[in-house]
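**Student:** structure of the sequence below:
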Amino acid sequence: MSDEEIVEKTLQEKAYFEHIVLRYEDKLSRYVRRLGVHNDDDRADVLQNIFIKVYKNLYGFDAELPFSSWIYRIAHNEAISWYRKNTVRPEGHLVDSAEEIFLLLASGDDTAEKKFDLKVNKEEVNKALDKIDQKYKDALILRFFEHKEYEEISDILKIPPGTVGTLIYRGKKELKEALDHSHLRI
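**Tutor:** Have a look, this model is predicted:
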C-alpha cells in the first residue's frame, strides 16, 4: 500500500496507524540520529513525540502532498525542538560510509572525485559537519543521506525549491572547506 492509502485507512480505522509507525520508525530514527540525537533514550523520546504529533494531526494532512515530506517535516521540527531544550549545539552527525561523503562532494569534476579518499575518517567528517551552518546541514542530510528530492526538501524545510539548490551547493562548498581545514585534501 502507498503512504496515502495507509493514511486513508488509518483515518477510517485507527489500528492502521501501526503501519505508519512500522514503515517510518527506522527511517526517522536514522534521520533524527543524523541530526544529532545520538543517545538511544533521547532518540526514542523524540520518535515518540513525532508519532504522537503525526497521530494527532493526521486529519490535517493534505493528501495532495507527499506523506513522507509531511512526516519528515514533523521529525525535523521535533529534532530542532529537542536541541533547543537539551543542547547549546548539536552533537554532530553520524556518517554511515565514506562513499556517501564522496557522492556528496562529487560536483561533476573528475579531478575532485579522484582526489577524494574513500577511507575518510568518520570522526573527521563528523567534525567537519559540525562546522557547517545548520541550514546547510539540514539540506545536505535530507538530500544525500535521506535521499529526498528538492521538492520534498522544500516541503520539509518550508523553503522554495530554488533555495534548496542554493543551500545544497553552499553546503557542499562549506563541507569541502571544513574538510580541507581538517587536513583532508580534496
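**Student:** from now on I want contacts and neighbour counts done on CA atoms only, so please keep to that.
**Tutor:** OK.
**Student:** now the strand or helix carrying residue 175, how far from the centre of its chain.
**Tutor:** Secondary-structure assignment from DSSP states H and E places residue 175 in helix 161-181. Helix 161-181 has its C-alpha centroid displaced from the chain centroid by 15 Å (Cα atoms, centre = their mean, to the nearest Å).
**Student:** buried stuff in that helix?
**Tutor:** By 16 or more other Cα atoms under 10 Å, the buried positions in helix 161-181 come out as 161, 164-165, 167-179.
**Student:** what does stretch 141-149 give?
**Tutor:** Of all the residues in stretch 141-149, those buried under the rule 16+ other Cα under 10 Å are 141-146, 148.
**Student:** where does this structure have its least confident helix or strand?
**Tutor:** For the chain, scoring each helix and strand by mean pLDDT, DSSP states H and E identifies helix 110-115 as the least confident one, at a mean of 45.
**Student:** wait, what's in contact with the spatially closest residue to residue 167 that is not a sequence neighbour?
**Tutor:** Beyond its immediate neighbours in the sequence, the residue positioned closest to residue 167 (Cα to Cα, 6 or more residues apart in numbering) is residue 136, lying 5.4 Å away. By Cα atoms under 8 Å, 6 or more residues apart in numbering, the residues touching residue 136 are 167-168, 170-171.
**Student:** what is the nearest of the buried residues of helix 161-181 to residue 154?
**Tutor:** Distances from residue 154 to these, taken as Cα to Cα, are shortest for residue 161 (5.2 Å).
**Student:** hang on, isn't that closest one packed against residue 154?
**Tutor:** Yes: taking Cα atoms under 8 Å as the contact criterion, residue 161 and residue 154 are neighbours in contact, 5.2 Å apart.
**Student:** domain parsing for this protein?
**Tutor:** According to automatic domain parsing, the chain comprises the domains 3-86, 98-181.
**Student:** mind listing the helices for this protein?
**Tutor:** Assigned by DSSP state H, the helices in the chain fall at 3-12, 17-34, 40-57, 67-86, 98-105, 110-115, 122-130, 134-140, 150-157, 161-181.
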